[in-house]
Each structure stands twice: as C-alpha cells, then as structure tokens.
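In: Starting from these lines, generate the structure:
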Amino acid sequence: MVIVRLYISVLLFMSFFFMSFAHENSRTDADAVDLSIECRMEPAVIYERQPASLVVTLRSSTPDIAFADVVTPPSLIKGEYATFQKVSPAGNAYKEVVDGKTYYCFPLEASVITMADKGSYTIGGGEYTIGVAYPVVVNDPFWGPRRSTEVKRLNIPVKKKSFKVRDLPNPPDSIDFSGSVGQFTVETVIPRGDIFVNEEATAIVVLRGSGMIADATMPEYRDAFKNGVKLKSVSESRNAVYDNGKMISELQLECTFIPTQRGNVEIGEVLFSYFDPDTGAYSVARSSPVKIEVKSSTSKRESLSI
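Out: Down below sits the predicted model:
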C-alpha cells in the first residue's frame, strides 16, 4: 500500500514537472509580438474649422489582445484645438495588411476635432498600459496540448502624428460666408393644419449637414417672409451627433409668422453659404419655396360652428 501511494506521488510530481516544462517552452514570446499605438486622422489634411476624426489605435501582429488603461492621453505639442469632442464607442476592431504582413487594429479612443488657425501641428506624448493576453499551449501528458493565456501589462508610448491645417480662401464678393465648413442642406417645413389670415402660423427652417455649424451662424431667412406674410418671432435649437467619426449638425429655426392676405402665399427660399472642403470652394444651399393656402377668418368661424 505504501509502495502504491509513493508511486502515485511520484507520478503527480512528474506530471506537474513536465506540464511546467512544456508550459515554459511553448509560450508566445512577448518580444515577438509587434505592438504600436498611433493617432489616425481622417482626413489627413484639413481646413480651418473643418471637423476631423482622430482615433488612437492599437496595432498588433496578434489578435489575442486584452487592452486596458490610458496613462496619459496624447495632446497637441504646440497650439490648441478649436473644439475637441470625445466619441463613444471608439469603433470596431479591424484588420489591415502592411508590406504583406497582417495587423489587427483596435481603436482605443476617438474624438472629433477642429482647428481655428492654419499651420503645421503635431500630436505627441501619451502612453497606454496594455494588458496583452498571450496565447500559451500547455502540453498535458494525459490530455495532450491545450490552449491557455497569460496576461502581461506593457506600457506603450503613442507615436507622434503630424498634420496640416489649410487656411480658407477668400470668399467671393457674391457670398456672405456663414463661417461653417462642411456640406449642408436647408429646407422649410410647414406643419399640417389650416392657416388663416391675420393669425399666427409656424414655419420650420431646418439646416443640417456633415460639418460644424458655426456658433453665430444663421441661414438667410428674413427675405423669405415678405410677400403676404409678416415674420413675428424666431426661436432656434441646435444639435450635433457623431456618426462613425463624423460630426452631423442640425439647426432648426421655428419661425412664427402672420399671413396678411388670403389666397395663395409663398414663403421664399432660404439661403445658407458654407465652404465645402471636398471641392475646395464656397457653395450656397437653397431651400425650395413653399406655397401655402391662407384661408379667411370667415372660413374658420364657419368650420367651428358646424
């Protein structure tokens, strides 16, 4: 009986010894994994006030990555952002091939930035602590090879990123530049319902597009309310969302007006000037005129009496 127990003890010891030996000799070498963190910017060259997507990306030669904490985020070495807005989530992992080698890219942090002044800028500094899960093959003498993982914490600096900001060309005399950069559309919407002469009604002017609407920007709407209508008041609301690293902006103007004559009345076109970075030229968005039928107050009284 003693001999049997001694045999089992020796067997367990030898099994542990061989498993440990196989574990040590089959693990992935940490130095063999190619890791880097860089700032990726889209587009690479921007104009003043043009929103750009800035994504801090971990690039790895292995997909078996568990990444963790930011120590210090990268920042501009010189100068300041005009606007800086973090975006969540940063994005999905993807693969890319560089010089015939496959890399796995993990977006760590994303933001949308704009710059107020032209010039050359560099994003530098910054460091991340990355928890790297290295795959390990354990050669179990009883069950054969099996996969496991080991996690190692690595401090990885962020590579420097340089980019250029172009100045905007002078707008032509025919354009009253709003200060906004992007691509925009504008439309006028009339809520459903009857409209009566000498009574308040509402028109909503909607400006939207991919870009930043300047704080002081307003579409040229006043001339739209002249023929047969009188503009009484205007209230505004602004909103911006981030979709796939792009800034989508919207400005709504709720225009309260009073029709001064009955019959067919037209609310004229609304204009909005902007700089289009794709074409490198200034452009004007125009809403379509909206025709409305203005009824007499007598028609309203008759409908209420029925």
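In: Might you list the low-confidence residue ranges for the stretch 201-306 of the chain?
Out: The model of the stretch 201-306 of the chain has pLDDT under 70 over residues 215-217, 244-245, 298-306.
In: can you do 80?
Out: Scanning the stretch 201-306 of the chain for pLDDT under 80 picks out the ranges 214-218, 242-246, 297-306.
In: What pairs with the host helix or strand of T202, parallel or antiparallel?
Out: Counting by DSSP states H and E, the element that carries T202 is strand 201-212. Applying DSSP bridges to the sheet, strand 201-212 is found paired with strand 181-189 (antiparallel), strand 246-259 (antiparallel).
In: To V136, which of these lies closest?
Out: Closest to V136 of these is strand 246-259 (C-beta to C-beta; 41.1 Å). Glycine gets a C-beta too; all of them are placed from N, C-alpha and C.
In: Name the residues that touch the helix or strand following the closest one?
Out: Using DSSP H and E, the helix or strand that follows strand 246-259 in sequence is strand 263-267. Strand 263-267 is touched from outside by 188, 190, 203, 224-225, 227-229, 257, 259, 289-294, with contacts defined as C-beta atoms under 8 Å, 6 or more residues apart in numbering.
In: same question, stretch 97-109
Out: For stretch 97-109, the external contacting residues (C-beta under 8 Å, 6+ apart) are 34, 37, 55-63, 65, 67, 70, 73, 86, 89-96, 128.
In: at 7 Å instead, please
Out: The contact list for stretch 97-109, computed with C-beta atoms under 7 Å, 6 or more residues apart in numbering, reads 55-63, 65, 67, 70, 73, 90-91, 93-96, 128.
In: again, but for stretch 75-83
Out: For stretch 75-83, contacts defined as C-beta under 7 Å, 6+ apart pick out R49, I113, T114, M115, A116, Y121, T122, I123, G124, G125.
In: again, only this time at 6 Å
Out: Stretch 75-83 has contacts (C-beta atoms under 6 Å, 6 or more residues apart in numbering) with I113, T114, M115, A116, Y121, T122, I123, G124.
In: With stretch 282-291 instead?
Out: Stretch 282-291 is contacted by residues 171, 175, 184-188, 190, 264, 266-273, 275-276 when judged by C-beta under 6 Å, 6+ apart.
In: picking that back up, now the strand holding T202: buried residues?
Out: By 16 or more other C-beta atoms under 10 Å, the buried positions in strand 201-212 come out as A201, A203, V205, V206, L207, R208, G209, G211, M212.
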